[in-house]
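K.L.:
Sequence below, structure please.
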Amino acid sequence: MPGPLDLRKKPTSVKVHVSTGAGVDIAWADGHASHYDFVYLRENCPCATCNEERTNPSTPKHSAGSTVLPMYKPKPSARSAQAVGSYAIKIDFTDGHSTGIFSFDYLRTFCPCQECAKAFRTA
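P.N.:
Next up is the predicted model:
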């Protein structure tokens with residue numbers, strides 16, 4: 001049986017700015033507001049493939065076949081986004097990656113602000 005819901009991780013408003021490329025804005029039940037640009041989300045994708053690449057440096061990167069130097073690659077943005085039930089969003093990135101499901105719990109934990117880093121990521 002799941003434990004009690006942490007209201008700090010409950011969104012009251014979610015806006016995904018696909019057409020402008022501005023990223024994702026979330027207002028949380030505790031009054032906090034988070035902004036995530038698409039590059040940040042792509043770099044922190046929680047899917048199994050991306051987690052394996054981050055935790056095991058010897059794993060071949062899924063972009064390994066590219067002949068474009070990293071400084072000439074366009075920054076990832078979003079082609080589309082969709083709700084996954086009432087607990088997450090799924091983003092289809094312009095680099096072809098589309099397997100990451102960003103739960104609201106995960107998004108609040110990885111909010112880029114210092115306040116959330118201290119509250120959720122400091123041991």
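K.L.:
Name the residue closest to the centre of the chain, please.
P.N.:
Leu41 (3.4 Å; CA atoms, centre = their mean).
K.L.:
what helix or strand does it sit in?
P.N.:
Per DSSP states H and E: Leu41 is located in helix 38-43.
K.L.:
Break down the chain into its strands, ranges please.
P.N.:
11-17, 23-28, 33-36, 78-84, 88-93, 101-103 (DSSP state E).
K.L.:
out of these, which comes closest to Pro57?
P.N.:
The minimum distance between Pro57 and these falls on strand 88-93, with 22.2 Å, by CB to CB. For the C-beta atoms, the positions are set from N, CA and C on the backbone; glycine is no exception.
K.L.:
Can you lay out the strands of the chain as JSON lines showing mean pLDDT, distance to Asn56 and mean neighbour count?
P.N.:
Below are the strands of the chain laid out as JSON lines (pLDDT from 0 to 100; distance: least, CB to CB, whole Å; neighbours: other CB atoms under 10 Å):
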{"stretch": "strand 11-17", "mean pLDDT": "97", "distance to Asn56": "30", "mean neighbour count": "14"}
{"stretch": "strand 23-28", "mean pLDDT": "98", "distance to Asn56": "28", "mean neighbour count": "18"}
{"stretch": "strand 33-36", "mean pLDDT": "98", "distance to Asn56": "25", "mean neighbour count": "16"}
{"stretch": "strand 78-84", "mean pLDDT": "96", "distance to Asn56": "26", "mean neighbour count": "14"}
{"stretch": "strand 88-93", "mean pLDDT": "96", "distance to Asn56": "22", "mean neighbour count": "19"}
{"stretch": "strand 101-103", "mean pLDDT": "96", "distance to Asn56": "21", "mean neighbour count": "18"}
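K.L.:
Right, I'll call it a day here.
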